[in-house]
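*Asks:* Got a predicted structure plus its sequence, pasted below:
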Amino acid sequence: MKIISIVGARPQFIKLAPLSKELRKYHTEIIIHTGQHFDKEMSESFFVELGISDPNYNLDINSGLHGEQTGRMLIEIENVVIKEKPDLIVVFGDTNSTLAGTLVGSKLNIPSVHIEAGLRSFNKTMPEEINRIVADHTSDYLFAPTLTAMKNLELENLLSSSFFTGDIMVDSHKSAVERSKDSKIIDEHSLTNGGYYLLTLHRPYNVDNSKNLADLLKELGELNKRIIFPIHPRTKNIIEKHNLIIPENITLIKPVGYLDFVALQSSCHKILTDSGGIQKEAYILKKPCITLRSETEWVETVQMGWNLLLNPNTEKNIARKIESFIPNDHYELIFGQNVSQKMVEIINGIFN
Ligand code: UD1
Ligand code: UDP
């Protein structure tokens, strides 16, 4: 079969890596990179480090208002799909690149798979929530990472097209853990095992309002350990534009490659984040995670007692709550194993 994988943002490259490897054992894969993320450290470095083939098409869409960005992706992806005539389209996650990819498949009547289907935050102010709902209702095959995701799909009458596969990031993360032991990043920043927090922030509701972001950084400045903060370009732009003060215990660094990031995760004391993927990786590594949001799609990590939700806009004494959070002893495998192999077996079974 000829399969087109569509990616555009950092977490999608990480998800693509193991799937692409498995797909290529049986099929011809064409990669479309929308160019939604474009800095070297947000894009190219992942292709190089994770051994993903260069994209066959880079649409170079870059930034823009959501309508404009998605609209330009639709036009360009449609052109490629008409030219390539694939048998199947694969989209990942919940970004604007996901939305554009799945809509093109649906309009051109090309079967599509949505990887990471069924997640819901039930917060429709998040652009990702709209993207996920549309992707699930326009894709033909839905690969759900968790039982909660399966339940959500059932509630939306999508069970007949859903498959419980586990989470593809388990495979990405597993192959990175061993290789991350060669990373130099811990020494480069003179870090000690358990001696620092790892922070990431990029959700619009945490970073786009400069006053909220300044308040959060000030609060984190009261933590009793150093904080390493690989900064997302969205957040960097806001900090620079508004000249925000960075507390002394926070070390800002550029976004790092996947192996360095996994090394930082493995040695930190706790993870502080509003990322989706990082909550899962924290759980896989058995690291206490504090999610700086009011809700999460990865509810199992909270239910198991490894992830604490703190909404920075309403919560008081954030630093104290972060310091006192101790996870449960209880731990269960939530996200599955050998997920990419399972996904490709399902694809092969459907199209046999
Ligand atoms: C996007 C996704 C989000 C995902 C995140 C992963 C949407 C709606 N959002 O958010 O779901 O969690 O990626 O990181 O699809 N920028 C750069 N260089 C880059 C990338 C971005 O400077 O390489 C700047 C852009 O110019 C833009 C801002 O960062 O101003 C935000 O980028 P964008 O892709 O629109 O959204 P993200 O916040 O990255
Ligand atoms: N990540 C990385 N380098 C960094 C920050 C994050 O490699 O500097 C990885 C992280 O391990 C996770 C993914 O990027 O696998 C998460 O991406 P992001 O937080 O941008 O997006 P989300 O998962 O929230 O959509």
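*Replies:* Cool, the structure landed. Ligands and ions are numbered 1, 2, ... in the order given.
*Asks:* Pull the number of nearby residues for the residue of the stretch 251-352 of the chain found nearest ligand 1.
*Replies:* Closest to ligand 1 within the stretch 251-352 of the chain is residue 276: 6.2 Å, counting by Cβ to the nearest ligand atom. Every C-beta, even on glycine, is put in place using the N, C-alpha and C of the backbone. Residues lying near residue 276 (other Cβ atoms under 10 Å) number 21.
*Asks:* next one: residue 82
*Replies:* Neighbours of residue 82 (other Cβ under 10 Å): 11.
*Asks:* which stretches of the stretch 201-350 of the chain form helices?
*Replies:* Applying DSSP state H, counting those that start in this stretch to the stretch 201-350 of the chain gives helices spanning 204-207, 210-220, 233-241, 258-267, 276-284, 299-303, 318-324, 339-350.
*Asks:* Of all those, which one is nearest residue 125?
*Replies:* Taking Cβ to Cβ, helix 204-207 is the member of the helices of the stretch 201-350 of the chain nearest to residue 125, at 7.3 Å.
*Asks:* Relative to the whole chain's centre, how far out is that closest one?
*Replies:* Relative to the centre of its chain, helix 204-207 is centred 16 Å away, using Cα atoms, centre = their mean, to the nearest Å.
*Asks:* ok, and what's touching that helix?
*Replies:* 125-127, 201, 212-213, 216, 232, 234-235, 238, 274, 292-293, 312-313 (Cβ atoms under 8 Å, 6 or more residues apart in numbering).
*Asks:* Same question for it: list its buried residues.
*Replies:* For helix 204-207, a neighbour-count test (16 or more other Cβ atoms under 10 Å) marks 205-207 as buried.
*Asks:* cool, stretch 28-48 as well?
*Replies:* 29-38, 42-47.
*Asks:* rewinding a little: which residues touch the closest residue to the residue of the stretch 251-352 of the chain closest to ligand 1 other than its chain neighbours?
*Replies:* Leaving aside its sequence neighbours, residue 276 sits nearest to residue 297 (Cβ to Cβ, 6 or more residues apart in numbering; 6.4 Å). Taking Cβ under 8 Å, 6+ apart as the criterion, residue 297 is in contact with 119-121, 276.
*Asks:* and the helices of the stretch 201-350 of the chain as JSON lines, adding mean pLDDT?
*Replies:* As requested, the helices of the stretch 201-350 of the chain are arranged in JSON lines below (pLDDT from 0 to 100):
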{"stretch": "helix 204-207", "mean pLDDT": "96"}
{"stretch": "helix 210-220", "mean pLDDT": "97"}
{"stretch": "helix 233-241", "mean pLDDT": "98"}
{"stretch": "helix 258-267", "mean pLDDT": "98"}
{"stretch": "helix 276-284", "mean pLDDT": "98"}
{"stretch": "helix 299-303", "mean pLDDT": "97"}
{"stretch": "helix 318-324", "mean pLDDT": "98"}
{"stretch": "helix 339-350", "mean pLDDT": "98"}
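*Asks:* Please work out which of those is packed deepest.
*Replies:* Neighbour counts (mean count of other Cβ atoms under 10 Å) averaged over each of these peak at helix 276-284, with a mean of 23.
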